[in-house]
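K.L.:
model this:
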Amino acid sequence: MIGMLRGKVWEIQSERLVIDVQGVGYLLTVPYGLLSKASPGQELVIYTHVVMREDDLSLYGFSSLEEKQLFLELLSVSGIGPKAAISLLSTFGAVQIQSAIVSENCTLLTKVPGIGKKTAQRLILELKEKFKGHSSFPAGGEAYSDISVLSHSEALETLLALGFGLEEARQTLGRVLKDGGDLTTEEQVKKALRLLAPS
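P.N.:
As a prediction, this is how the structure comes out:
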């Protein structure tokens, strides 16, 4: 199976990347954090997982082995398919998902499209103890290596709490991050609100 790809970004779609690897274009569904950082012509190393079904063969891509491992952990929960797992990673990122599960924050998990209360409860029930002792996912955000992704997740959560739609909030924060470099969560939210304000 395909475990990793190294190639250049050929095309960026709404939830997918086409990666050119020596003339072959691989279509990968990826989390929003990876999608928002990609640019045409950029060389990337992407860790992959193939999902095979009777009527479908899909390739999923991740920026790190830890993110891929979390995706597989999410898939192990009954009722969680690849789309729901990617949606979780796109909305909150690895650290915040793990933290929400360990702290039994069902309300936060149900903010993700496709995740209802029962599914959130299953995530907590089946993964809480596993994540408590999981060295790959630190319990606190301080140890997370990519602070920009974590703060983006926190900013996204804030905008959702203010009543903005998921896709609208994600796209706006993507614009903020491309324009603003390293911003705190508060700065991201303030800039996003200015963009979202009616003209």
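K.L.:
looking at the chain, which helix or strand is least sure?
P.N.:
In the chain, the helix or strand scored least confidently by mean pLDDT, DSSP states H and E is helix 147-161, which has a mean of 64.
K.L.:
before we move on, what SS does Q98 have?
P.N.:
Using DSSP: H, G, I helix; E, B strand; the rest coil, the secondary structure recorded for Q98 is helix.
K.L.:
Looks like it contacts F131 (just checking).
P.N.:
Yes: with contacts defined as C-beta atoms under 8 Å, Q98 counts as touching F131 at a distance of 5.0 Å. Where you see a C-beta, it was placed from the backbone N, CA and C, and this is true even at glycine.
K.L.:
Comparing those two, which residue is more hemmed in?
P.N.:
Here Q98 and F131 are set side by side on neighbour count (other C-beta atoms under 10 Å), and the busier one is Q98, at 24 against 20.
K.L.:
Which residue is the nearest non-sequential neighbour of T91?
P.N.:
V112 (4.7 Å; C-beta to C-beta, 6 or more residues apart in numbering).
K.L.:
Report the contact partners of L162.
P.N.:
L162 is in contact with L193, counting by C-beta atoms under 8 Å, 6 or more residues apart in numbering.
K.L.:
Number the residues from 183 up from this point.
P.N.:
OK, 183 is where the count begins now, so the last one is L344.
K.L.:
hmm, back to that, tell me which helix or strand comes right after the least confident helix or strand of the chain.
P.N.:
Following the chain from helix 329-343 toward its C-terminal end, the next helix or strand by DSSP states H and E is helix 348-362.
K.L.:
What ranges does the protein have for its strands?
P.N.:
Taking DSSP state E as the test, the strands found in the chain are 186-194, 198-203, 206-211, 225-235, 238-244.
K.L.:
The second one packs against which elements?
P.N.:
Judged by 3 or more C-beta pairs under 8 Å, 6 or more residues apart in numbering; DSSP states H and E, the packing partners of strand 198-203 are strand 186-194, strand 206-211, helix 214-219, strand 225-235.
K.L.:
Tell me which residues of the last one come out buried.
P.N.:
What it means is strand 225-235. Taking 16 or more other C-beta atoms under 10 Å as the basis for neighbour counts, the residues of strand 225-235 that come out buried are 226, 228-231.
K.L.:
Ok, stretch 344-356 next?
P.N.:
Along stretch 344-356, the positions that meet the burial threshold by neighbour count (16+ other C-beta under 10 Å) are 346, 348, 351-356.
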